[in-house]
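Okay, structure incoming, though there's no sequence with it:
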């Protein structure tokens, strides 16, 4: 390992730190600890440093150790002044080529890197193409052809740039303007995790508002010129390296001639306008007229980069000619935008979809405001407060009309308002389809159809007096999604949500570590030290693991589900619960009868003519339990499995709760009995093989009782569940909502219940009550599953449920 060559100490894996405890203290101080002053005060306590055996006595000595002894993994920041409109401004940036080499040559990414474009198909005839990672998109393929005509045999490194100004203080309005860099050779599953370090903070741009310029138009023009001047300086090395190529060594030691090419720009709408030089209200990608932006039938034509470059060249003809030329092609008169001289760059194509700001904080926020105006905030909030609990649903006891990310149950709470239903369904379907991790030509067609469904029914909001038009830039941007997915892969390649998370680590935390004077110089030093410690942490872990090389990695298209496994606790939540308590506190009214039928049914084994119905009930009637109490579990959960080999952390993806009512002080806490999808047969793609059940009790049979109840040839599941059934799924969902309707399964007026194996519980499901014209005010979230008799199965709780029930 090249990093280890700088640390010549075969005996001590923590070198240059003398011991494990010294390394752990240093790591804590730089990654988790308090301020430098607090750390120095801690070490100045008499005896602390000596007892811990530390070679440093204060924060300054630790900083010197890190600065001089730990190898530099990423380039240092440099400070440069740029002059715009007679004013000089500081820009802090790194050498972009060295940053690219750092990512490309990182041993942690070596086995995952992609070096060439690929075409993936779902069928052997290669008729249905797939789009997921960036290398499966058309941009890489087309650009590789252009590059080969200029200089064959080169490896493209797609450069993904993101800019976004952010507040770093709660008060005083202090901000930072970070520029982030990553490369498309790294798989999106790694790029989107901040903890993997696949993004590099490339620069801090000036945050000045130029308030000394009193004319607003001149101020905006100067801010735009400052932005492009700084980015042009930061990205300038790409001009030569992109065409001529540079030799780079990947983490596995292979040497290739690489061409770093600007591929995509990630940012919200204001950043897109700033980068492209387009006026507010216009589309940063196409030349559609403002009055036609609401149409879903007007032909879209990407802005012509050649005409724009010709207009920018008019700067040599004088200021007036330059302004007129820019106006003629629909851009602002920006002097030398950063993308002007970048090889093979087309900024209008490079602007990517933005799920966070365009969909959730844009269309969904608009939709919620329209529904509030149509239905009333009081009624919407009342329905939200009466939804049953679920692992994927957060219950908003104060309502949702102040929120934007509530797609998971929005359709269900307005499903009885038929005139709005199809428009809402179209927009929500678009939001969910747009986030598929892998698209085909068929799913992109569904994406278009969902948007068409909204446009076909949107006039209801005009009829109600809520809207007069739909000339919304974020609504228009949705029309570009299918094309952009085909160009650059699925939207999780370039979601601004990932870079929003980077603000915490690389801007806000960095600012808090300063004394707030000349903060950017301190922020860059703090970040360099943190990156060194993080890199050394990876090296120490590698040394302690024996320094073994990892197995080769083989990429494959993602699917709609996560790798997951069902997990039960080792010990029961309640070791001994009486059968009477199961009926009263857990709500398992028919537990005895259901368990007797289960025992009778299992005892038949592989009988070719097993008993059913009344005959089975007669046999069950004669069964007596050799126990009066059972061990009970209050939850079953499903945890993630690192199926794609990216070293993903284990997290809980889903859970089903079956908790009893209990007293908490003087208050009685209601029971929680979640609904779940129970598998009845072997075909996991046929809805007829599934049924919804409410899980009342999760339990195990006492081991000593099993030989008394079952023949020795019967192999019983370790964990069982008592479920109360809902009606089977109808052949097709509701035509307007696309949701399935279910109700309680009754026999002779009593709820139908059974005992099933925990392994047959596929996942949790969420049922939305059929509220009618107005939600019953005596219903509560705790009791609504008993109070209501008809429900809609919520297919929007996660992407797998959405694809399964769509």
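Everything's here; your move. Remember, it's a predicted structure, so these values are computed and weren't measured experimentally.

who's in contact with residue 682?
Contacts here follow C-beta atoms under 8 Å, 6 or more residues apart in numbering; on that basis residue 682 touches residue 689. Backbone N, C-alpha and C define where each C-beta goes, glycine included.

three-state assignment of residue 97?
helix (DSSP: H, G, I helix; E, B strand; the rest coil).

gap between it and residue 258?
Applying C-beta to C-beta, to the nearest Å, the value for residue 97 to residue 258 is 10 Å.

before we move on, what about residue 224?
In this view, residue 224 and residue 258 are 32 Å apart by C-beta to C-beta.

Specify the local secondary structure of the spatially closest residue to residue 689 that is not a sequence neighbour.
Spatially, and ignoring its direct neighbours in sequence, residue 689 is nearest to residue 681 (3.6 Å; C-beta to C-beta, 6 or more residues apart in numbering). At residue 681 the chain is in coil, as set by three-state DSSP.

neighbours around residue 681, how many?
10 (other C-beta atoms under 10 Å).

isn't it right up against residue 687?
No: the pair residue 681 / residue 687 is not scored as a contact, 10.6 Å apart, by C-beta atoms under 8 Å.

Is the nearest residue to residue 58 once chain neighbours are set aside part of a helix or strand, or is it coil?
Using C-beta to C-beta, 6+ apart and skipping the chain neighbours, the partner closest in space to residue 58 is residue 40 (4.2 Å). Under three-state DSSP, residue 40 falls in the helix class.

got the contact list for residue 40?
58-60.

returning to what we had before: more crowded one of residue 224 and residue 258?
Ranked by neighbour count (other C-beta under 10 Å), residue 224 and residue 258 place residue 258 first, with 25 against 20.

The helix or strand harbouring that one packs against which elements?
Residue 258 is located in strand 255-266, with elements delineated by DSSP states H and E. If contacts are counted by 3 or more C-beta pairs under 8 Å, 6 or more residues apart in numbering; DSSP states H and E, strand 255-266 sits against helix 96-104, helix 138-150, strand 155-163, helix 237-244, strand 246-249, helix 347-350.

contacting residues around the next helix or strand after that strand?
Per DSSP H and E, the first helix or strand lying C-terminal to strand 255-266 is helix 269-276. Helix 269-276 is contacted from outside by 163-164, 224, 227, 265, 267, 278-280, 282, 284, 331, 337-339, 347-348, 351, 354, 357-358, 473-474, 477, using C-beta under 8 Å, 6+ apart.

Show me just the buried residues among those.
Buried subset of the contacts of helix 269-276 (neighbour count, 16 or more other C-beta atoms under 10 Å): 163-164, 224, 227, 265, 267, 278, 282, 284, 331, 337-339, 347-348, 351, 354, 357-358, 473-474, 477.

about what we covered before: sitting in helices, which of the contacts of helix 269-276 do you find?
224, 227, 347-348, 473-474, 477 (DSSP state H).

Now that we have those, can you turn them into JSON lines and tack on pLDDT and distance to residue 396?
JSON lines is the format used below for the ones in helices among the contacts of helix 269-276 (pLDDT from 0 to 100; distance: C-beta to C-beta, whole Å):
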{"residue": "224", "pLDDT": "94", "distance to residue 396": "40"}
{"residue": "227", "pLDDT": "96", "distance to residue 396": "39"}
{"residue": "347", "pLDDT": "97", "distance to residue 396": "40"}
{"residue": "348", "pLDDT": "97", "distance to residue 396": "40"}
{"residue": "473", "pLDDT": "95", "distance to residue 396": "29"}
{"residue": "474", "pLDDT": "95", "distance to residue 396": "24"}
{"residue": "477", "pLDDT": "97", "distance to residue 396": "28"}
